[in-house]
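Q: curious how this folds, go ahead:
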Amino acid sequence: MTRRLFGVQRHERVLSELRRSGSVRVRDLARELGVSELTIRRDIAALAERNLVTRVHGGATLPTQGAPPRRPATRLTIGIVVPSLDFYWPPIVAGARAAAAALGVALQLRGSSYDPDEDRRQIGRLVEANQVQGLLLAPNLDGERGAEMIDWIGRLPVPTILVERQPPRWTAAPRPIEWVRSDHALGCEIAVHHLHQQGHRRIGLVLSHGSPTSAHLLQGWRAACAELDIPDATVVRESVALEARGHRRIMRDVLAECRRSAITALIVHSDPDAMSVAQFCAEHGVSVPDDLALVSYDDEVAHLAEPALTAVRPPKHHVGRLAVELMVSRLIDGDRRPSQRVLVAPELIVRRSSMSLVRRPGMFESVRF
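A: Numbering: from 1, shown residues only. Reported below is the predicted structural model:
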């Protein structure tokens, strides 16, 4: 049975959840706290009167900093096409929906894949049906076809904003390409500095194979290592998806390279691979964090690991929210508003996996993989 909370305690819980995820739903809070939905609505109303939250249909969001975006005079519909409807992207969609609800805007959501042809098909369906006045897109921009995709997007008949994607600084597209994304390079720098403060002087990086985030993480890792004078011989490897063959062999290779290079800390993208490293360490007598500290990048399920993983949390909800607000601003102001390119800073969530109380140097020598 849930312990009954006083009003002030409920308000703190609401604000804590908002700071964690960016939005809350009345139904979920009522169930979690064991009170009626009416009670939660009253709590949200009280917080809104103090400008601590913004009320939206069915819940609340964090208030927008500075002047609130203007609501459009007519009903607008914005299309959003994301490459996945499960891992990583749901918080971005939730943020977009929260902003749309606050601004009285409708969203048309389409799921694609990481295939440029499927991206074009889903985008084309929205445009050809005249269903939307603007588009939020996360297309595959890898390789030679990336430039073709940017050029094609720039010629669409409606304004577009890229989400968690960044084209080159200059493109041949007929109109400037706007974007909003997490500053992943900064996130990796934050992780390196955290591990350095914990006494680590050789820090490795494990990247997810094929992820558009990898290049940004590598950039941030190199910048932080150069600033802190961490040896550039530190290992950088690419992991593969959990279901791929040879995954355990790759984990073995990663830890063997850690031993050879005297690495005492790893930053791993993403959570599933970081959890695999932690599990492999446990199976082979390598203590996390005493022998090897771990920081995950994404913080989707990092708290479920044993030990709970310190993680860099990209501001996914806020990226989705900002994308909608930028699009509404574009649709209202048109070409009078300068094009914008927005980076949003991640945050570090410190947990047990990077906070060793007893460092055990040299333990890898007695471990067999």
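Q: wait, a helix at residue 79?
A: No: read with DSSP: H, G, I helix; E, B strand; the rest coil, residue 79 is strand and lies in no helix.
Q: where along the stretch 201-350 of the chain do the helices fall?
A: For the stretch 201-350 of the chain, the helices defined by DSSP state H, counting those that start in this stretch occupy 214-228, 247-261, 271-283, 316-333.
Q: weakest of those helices in terms of mean pLDDT?
A: When these are compared on average pLDDT, helix 247-261 comes out lowest at a mean of 84.
Q: related to what we said a few turns ago, return the most buried member of the helices of the stretch 201-350 of the chain.
A: Compared across the helices of the stretch 201-350 of the chain, helix 316-333 shows the largest average neighbour count, a mean of 23 (mean count of other CB atoms under 10 Å). Bear in mind the C-beta positions are built from the backbone N, C-alpha and C, glycine included.
Q: specify the beta-bridge partners of residue 180.
A: residue 163, residue 342 (DSSP bridges).
Q: count the residues that sit near it.
A: The number of residues packed near residue 180 is 26, by other CB atoms under 10 Å.
Q: so it sits against residue 160, correct?
A: No: if you go by CB atoms under 8 Å, residue 180 and residue 160 don't touch, sitting 11.8 Å apart.
Q: hmm, back to that, tell me which of the helices of the stretch 201-350 of the chain sits nearest to residue 38.
A: Checking these against residue 38 by CB to CB gives helix 316-333 as the closest, at 26.0 Å.
Q: now the stretch 151-300 of the chain, which segments are flagged as low pLDDT?
A: Low-confidence segments of the stretch 151-300 of the chain, defined by pLDDT under 70: 171-174, 232-247.
Q: related to what we said a few turns ago, redo the helices of the stretch 201-350 of the chain as TSV? Include distance to residue 198.
A: Shown next, in TSV, are the helices of the stretch 201-350 of the chain (distance: least, CB to CB, whole Å):
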stretch	distance to residue 198
helix 214-228	12
helix 247-261	16
helix 271-283	17
helix 316-333	26
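Q: out of these, nearest to residue 22?
A: Using CB to CB, the nearest of these to residue 22 is helix 316-333, at 3.1 Å.
Q: quick check: closest non-adjacent residue to residue 356.
A: Spatial nearest neighbour of residue 356, excluding adjacent residues (CB to CB, 6 or more residues apart in numbering): residue 289 at 4.1 Å.
Q: count of neighbours near the one you found?
A: Residue 289 sits with 27 neighbouring residues when counted by other CB under 10 Å.
Q: ok, now how distant is it from residue 179?
A: Distance of residue 289 to residue 179, computed by CB to CB, to the nearest Å: 36 Å.
Q: repeat for residue 22
A: Shown here: residue 22 relative to residue 179, a distance of 19 Å by CB to CB.
Q: repeat that for residue 354.
A: Taking CB to CB as the measure, residue 354 falls 31 Å from residue 179.
Q: higher neighbour count, these two?
A: Higher neighbour count among residue 354 and residue 179: residue 354, with 26 against 21, using other CB under 10 Å.
Q: residues in contact with that one?
A: 194-195, 198, 265, 289, 293-295, 310 (CB atoms under 8 Å, 6 or more residues apart in numbering).
Q: of those, which belong to strands?
A: Under the assignment DSSP state E, those contribute 265, 293-295, 310 to strands.
Q: which one of the residues you listed is nearest to residue 128?
A: The closest of those to residue 128 turns out to be residue 295 (CB to CB; 44.8 Å).
Q: the closest one: neighbour count?
A: 31.
Q: tell me if I'm right that it and residue 191 touch.
A: Yes: using CB under 8 Å, residue 295 is in contact with residue 191, at 4.6 Å.
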